[in-house]
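>>> Take this sequence and fold it.
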Amino acid sequence: EEFHSQGFAKMDDMYMLLDELWASDGYKFNQQEEQYKEDAKLMINNYIEYLEEHPANIVGVEKKLSFTMDNCIINGRYDRIDLDSEGNIFIYDYKTSKTSQSSSQLKRNIQLGVYALGIYYDGIQIKNKILKNIYPEKLSILSLRNNDNIESSITFTEDDIAGFVDKINDTVIGISNGEFKATKNFYCDSCDYKELFCPLFNK
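This is a model prediction of the structure:
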């Protein structure tokens, strides 16, 4: 956010911001902190190299989104919004993982779906004009630890968007009815509550 909002463009600028904004709190050992900082530098290198190959035309960083659906209000924040010369909107979301998502995974990615709906309903202000009632031309996840290919992208169809609307509405109804169905996945290993009341624990 600081890098783009202040108009920086070079690797040295990013390293300067890293040193300036780095917080040492929360690390148990010096070695752990050093490793995290080295990881941060790796992700910075990957991102700067990506920007050199894919120049950005940024119109928003860390921009809030808020829109109303039939039975809920959705709030969130975009990592980055770009706009090309033809008025096409591109959304970028940063991830600190090596793993890129496949096309089928992106098709089901509810976070990207919310971003698309946010642009459609809430819109984005460009100078004195608000662009809305359109969907982003492209939505991308940038996996910053991936040295080979950090960008995974998708363009949603009308059917894709309708599927996200249905999923959000179903989720809201489930929450309203107190229904919280457990889903077993890789997050279970770090869950603090699985031994207390999870119906899927040890299954």
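
>>> Tell me the confidence at residue 175?
At residue 175, the model reports a pLDDT of 92.

>>> Give me the most central residue, the protein.
The centroid of the chain falls nearest to residue 93 when counting by CA atoms, centre = their mean (3.2 Å).

>>> any idea how far residue 14 lies from residue 8?
7 Å (CB to CB, to the nearest Å). No exception for glycine: its C-beta is placed from N, CA and C like everyone else's.

>>> Name the residue in these two with the higher neighbour count.
Comparing residue 14 with residue 8 by other CB atoms under 10 Å, the one with more neighbours is residue 14, at 21 against 14.

>>> how about that one, secondary structure?
helix (DSSP: H, G, I helix; E, B strand; the rest coil).

>>> What residues of the top helix by length along the chain count as buried?
As assigned by DSSP state H, the longest helix anywhere in the chain is helix 30-53. Judged by neighbour count (16 or more other CB atoms under 10 Å), helix 30-53 contains these buried residues: 33, 40, 43-44, 46-48, 50.

>>> which regions of the chain lie under the pLDDT threshold?
Low-confidence segments of the chain, defined by pLDDT under 70: 203.

>>> For it, just list every one of the helices.
With DSSP H as the criterion, the chain has helices spanning 2-5, 11-21, 30-53, 103-107, 110-121, 158-176, 194-197.

>>> How about residues contacting the longest helix of the chain?
By CB atoms under 8 Å, 6 or more residues apart in numbering, the residues outside helix 30-53 that reach it are 9-11, 14-15, 18, 22, 24, 27, 96, 142, 144-147, 150-151.

>>> With stretch 94-101 instead?
39, 43, 79-80, 109, 141-146, 149-150, 152.

>>> what would the residues you listed look like in CSV with distance to residue 164?
As requested, the contacts of stretch 94-101 are exported to CSV (distance: CB to CB, whole Å):
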residue, distance to residue 164
39, 32
43, 29
79, 19
80, 20
109, 9
141, 16
142, 21
143, 22
144, 25
145, 27
146, 25
149, 25
150, 24
152, 18
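
>>> So which of the residues you listed wins on neighbours?
The most crowded member of these, judged by other CB under 10 Å, is residue 141 (25 neighbours).

>>> Spit out the contact partners of that residue.
92-93, 95, 100-101, 106, 109, 112, 151-153.

>>> List the ones among these that fall in strands.
Using DSSP state E, 92-93, 95, 151-153 are the members of the contacts of residue 141 that sit in strands.
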